[in-house]
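>>> how would this look folded up:
(2 chains)
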Amino acid sequence: MEIPYTVEPRPDTGVYNAKLGIWLFLASEVMLFGALFSSYVLLRVGATTWPHGYEHLNIPLATVNTVVLITSSVTMVMSWASLAMKNLRKYRVYMGATVGLACVFLVIKGFEYAAKFEHGLYPSESTFMAIYFTLTGLHGLHIIGGIIVNCYLLGPGSRMWKTDPARFTNRVEIAGLYWHFVDLVWIFLFPVLYLL
Amino acid sequence: METASAESVRKHVRVYVTVFVALMALTLITVAISTLHLGTTAAILVALFIASLKASLVAAYFMHLISEKKLIYAALTLTVVLLLVLMLLPVSHFADRGL
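Residues are numbered from 1 along each chain as shown, chains lettered A, B, ... in the order given. Coordinates of the predicted model:
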């Protein structure tokens, strides 16, 4: 069965189907992370003492990770722009860079987690550590999800460029919207957990 | 975006680079301000203001929300309203307790 409106905008919505789909998914993601941020506020306001992020967490590492993730968002949007300019080779370079940067983010996050465990700081240590691991852990899972999708689009998925380039370009745009959302969540996580 | 021509995409690319520089600058600024150890309220207000600014840049330019269709705006408006309700729930909790 042919999936309708993968390239042409659907007349009643004005967008191709996948774009409406991803935005509805991202809306649900906003509520998922929103619920956790709301819990954070509740826990923090209700706590008698709350540690400053810089007392327990490594701000330089997190700053580097912020730069890494923002850069990966730029390479992601550039990979889409390369396809829109019909340049598959540049697309591969930018998409490869996006996946590479995402892996760097995870490695740095891994070092951070390892340092916490070495000091015996587990989620059970305090409410702060519990919400820290919950929020960054869920965000890390989203990074892994993005890496899987982007690897598919970089490897076997890119065969579609030959048969249906417009649809493939849209697929990359959709993956990009998800990836920018993951970046966006980190933009809030970084100050909330580390700087405040 | 689906009918973007090569020329308009080239213009986009210049915007992406500008937004990238702005995001980097804002990241450094927010880290620099955090080392000043302002009072809690001021620190939260400044950090959230800068984060919102960065998030708006990402949403508007990387996610192309600056030129999107009405239906997407409608869905996102509803999402923002529900998110606000979610964020205000803790406030109602403390209001109930008379704090």
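>>> ok, A:V67 to chain B distance?
6 Å (C-beta to the nearest C-beta, to the nearest Å). In this view, the C-beta of every residue, glycine as well, is placed from N, C-alpha and C.
>>> now A:I148
21 Å.
>>> wait, does stretch A:163-180 contact chain B?
Yes: shown here: stretch A:163-180 in contact with chain B (C-beta under 8 Å from any C-beta of the partner chain) through A:A166, A:N170, A:E173, A:G176, A:L177, A:H180.
>>> Tell me the one among these nearest to chain B.
Among the residues of stretch A:163-180 next to chain B, A:H180 lies closest to chain B (C-beta to the nearest C-beta), at 4.6 Å.
>>> just checking, what packs against the helix or strand harbouring the closest one?
Assigned by DSSP states H and E, A:H180 belongs to helix A:165-189. On a contact count with 3 or more C-beta pairs under 8 Å, 6 or more residues apart in numbering or on different chains; DSSP states H and E, helix A:165-189 meets helix A:17-46, helix A:59-84, helix A:88-118, helix A:127-154, helix A:160-163, helix B:40-57.
>>> now the lowest-mean-pLDDT helix or strand in chain B, how far from the centre of its chain.
One helix or strand of chain B scores below all others by mean pLDDT, DSSP states H and E: helix B:70-96, with a mean of 89. Chain-centre distance of helix B:70-96: 15 Å, with C-alpha atoms, centre = their mean, to the nearest Å.
>>> Same check on stretch A:187-196?
The answer for stretch A:187-196 is 15 Å, by C-alpha atoms, centre = their mean.
>>> From the rest of the structure, what touches stretch A:95-108?
A:61, A:64-65, A:68-69, A:71-72, A:75-76, A:79, A:140, A:143-144, A:146-147, A:150-151, A:153-154, A:172, A:179 (C-beta atoms under 8 Å, 6 or more residues apart in numbering or on different chains).
>>> circling back to that earlier point, how far off helix A:127-154 does the helix holding A:H180 point, in degrees?
With axes from the mean of the first three to the mean of the last three C-alpha atoms, to 10 degrees applied, the angle from helix A:165-189 to helix A:127-154 works out at 170 degrees.
>>> Packing partners of the least confident helix or strand of chain B?
Counting contacts by 3+ C-beta pairs under 8 Å, 6+ apart, helix B:70-96 packs against helix A:17-46.
>>> before we move on, the earlier item: just the buried positions in the least confident helix or strand of chain B, please.
Across helix B:70-96, burial judged by 16 or more other C-beta atoms under 10 Å in any protein chain shown covers B:L71, B:I72, B:L76, B:T79, B:L83, B:L86, B:P90.
>>> Geometric centre of chain B: which residue is closest?
B:A55 (2.4 Å; C-alpha atoms, centre = their mean).
>>> any idea how far chain A is from it?
From B:A55 to chain A the distance is 5 Å (C-beta to the nearest C-beta).
>>> A:L184 is in contact with that residue, correct?
Yes: if you go by C-beta atoms under 8 Å, B:A55 and A:L184 touch, sitting 5.2 Å apart.
>>> Run a quick neighbour tally on A:V7.
When neighbours are defined as other C-beta atoms under 10 Å in any protein chain shown, A:V7 has 15 of them.
>>> which ones are touching it?
A:Y16, A:D164, A:A166, A:R167, A:N170, B:E2.
>>> can you give me phi and psi for it?
phi -120, psi -50 (degrees, to the nearest 10).
>>> Reformat the residues of stretch A:163-180 next to chain B into JSON lines and put pLDDT and neighbour count next to each item.
Listed next are the residues of stretch A:163-180 next to chain B as JSON lines, based on pLDDT from 0 to 100; neighbours: other C-beta atoms under 10 Å in any protein chain shown:
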{"residue": "A:A166", "pLDDT": "95", "neighbour count": "17"}
{"residue": "A:N170", "pLDDT": "96", "neighbour count": "21"}
{"residue": "A:E173", "pLDDT": "96", "neighbour count": "25"}
{"residue": "A:G176", "pLDDT": "97", "neighbour count": "26"}
{"residue": "A:L177", "pLDDT": "97", "neighbour count": "23"}
{"residue": "A:H180", "pLDDT": "97", "neighbour count": "24"}
